[in-house]
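Asks: got a sequence here, can you model it:
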Amino acid sequence: MYREERTTTAEVAEDGATGGTATVASPATVLDHLLVSLQLTDSAFPSGFYTLSHGLEGFVQQGAVDHDSLAALLHDVLRHGVGPADATALALAHRAAAAGDWDAVAATDRRLHATKLGREMRQAATRTGRQLLDLAAEVFGAPGIARYHRVVGERRAPGTQAVAAGVVYAATGVPVRQAVAADLFAFCASFAGAALRLRLTDHRLAQSLLRQAAPVIEETTGAALDRGIDDLGATTYAVDVMSARHERAPARLFAS
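Replies: Okay, the predicted model is just below:
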């Protein structure tokens, strides 16, 4: 028997749902979560995230990456850098914020900040994170965002981008798995945009790069959701070295 799509569409809450009981969201809520994710990952959202190359410019300056090795570099950074560090922190912060455990949110924030060895990476993370909180507090008006914005403003937590994103996604009701995957996609889109500006690829091949990253995003999301705070931290030493060299480069197109 025919039924309209709006009566059958549903979404089950992801890990970390309040009370541990699976809940079914209405179609309107599911769509709103999607729209929030699209807005936060759009390059037009002025958090400054798309002004970063995420270490790619440093690799280009040293002649350590080309068109043929670009996808492999992105996949390695996802699996060993962004996934164990930022994506894991986002998941932990999301769950803590959803539970109202603001001490745990701040602890995750400080831990992630401490794992970023280079000054450039730390500054990029906090600059974009604070901007995200400031703008999201105005755009979404959720009490949790405003609360953590005050915590960061009072310098009781550094305000890294991943933790800020976790707080914003939790406050707007976006499920944790969707939040992690969306932020990882935003990272890949930013990376691809940097590759375009650095002339490592063109617009058509950049879309292929993003599509090739999809299974790695899925894999990285699942791994991030399984980690605890003791496992938080990247192991991408080449990225750290390139970032350190990039800090001292005589000319830079990107902030990182």
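
Asks: which stretches of the stretch 101-250 of the chain form helices?
Replies: 102-115, 119-140, 143-153, 161-171, 176-197, 203-226, 237-247 (DSSP state H, counting those that start in this stretch).

Asks: and the second one, what does it pack onto?
Replies: Using 3 or more Cβ pairs under 8 Å, 6 or more residues apart in numbering; DSSP states H and E as the contact test, the elements touching helix 119-140 are helix 27-41, helix 102-115, helix 143-153, helix 161-171, helix 237-247. Where C-beta positions appear, they are placed from N, C-alpha and C, glycine not excepted.

Asks: following the longest one, which helix or strand comes up?
Replies: It stands for helix 27-41. On the C-terminal side of helix 27-41, the closest following helix or strand by DSSP states H and E is helix 56-61.

Asks: give me the phi and psi angles of Thr201.
Replies: When read as degrees, to the nearest 10, the backbone of Thr201 gives phi -150, psi 180.

Asks: tell me how many other residues crowd it.
Replies: 20 (other Cβ atoms under 10 Å).

Asks: just the pLDDT for it.
Replies: pLDDT for Thr201: 92.

Asks: so what's it up against?
Replies: His67, Leu70, Ala192, Ala195, Leu209 (Cβ atoms under 8 Å, 6 or more residues apart in numbering).

Asks: wait, what's in contact with the residue nearest to Pro46 when sequence neighbours are not counted?
Replies: Nearest non-adjacent residue to Pro46, counting by Cβ to Cβ, 6 or more residues apart in numbering: Leu135, 6.7 Å away. The contact partners of Leu135, by Cβ under 8 Å, 6+ apart, come to Phe45, Pro46, Ser47.

Asks: turn the helices of the stretch 101-250 of the chain into TSV, including distance to Val30.
Replies: Output for the helices of the stretch 101-250 of the chain, formatted as TSV (distance: least, Cβ to Cβ, whole Å):
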stretch	distance to Val30
helix 102-115	25
helix 119-140	17
helix 143-153	20
helix 161-171	14
helix 176-197	10
helix 203-226	18
helix 237-247	36
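
Asks: hang on, the earlier thing: against Ala214, how distant is the residue nearest to Pro46?
Replies: 28 Å (Cβ to Cβ, to the nearest Å).

Asks: now Ala71
Replies: For Ala71 relative to Ala214 (Cβ to Cβ), the value is 12 Å.

Asks: do the same with Leu34
Replies: Counting by Cβ to Cβ, the gap from Leu34 to Ala214 is 17 Å.

Asks: show me which parts of stretch 128-146 are buried, residue by residue.
Replies: 128-137, 140, 142, 144-145 (16 or more other Cβ atoms under 10 Å).

Asks: close enough to count as contact, Phe140 and Val168?
Replies: Yes. Using Cβ atoms under 8 Å, Phe140 is in contact with Val168, at 7.0 Å.

Asks: now stretch 98-109: average pLDDT?
Replies: The average pLDDT within stretch 98-109 is 98.
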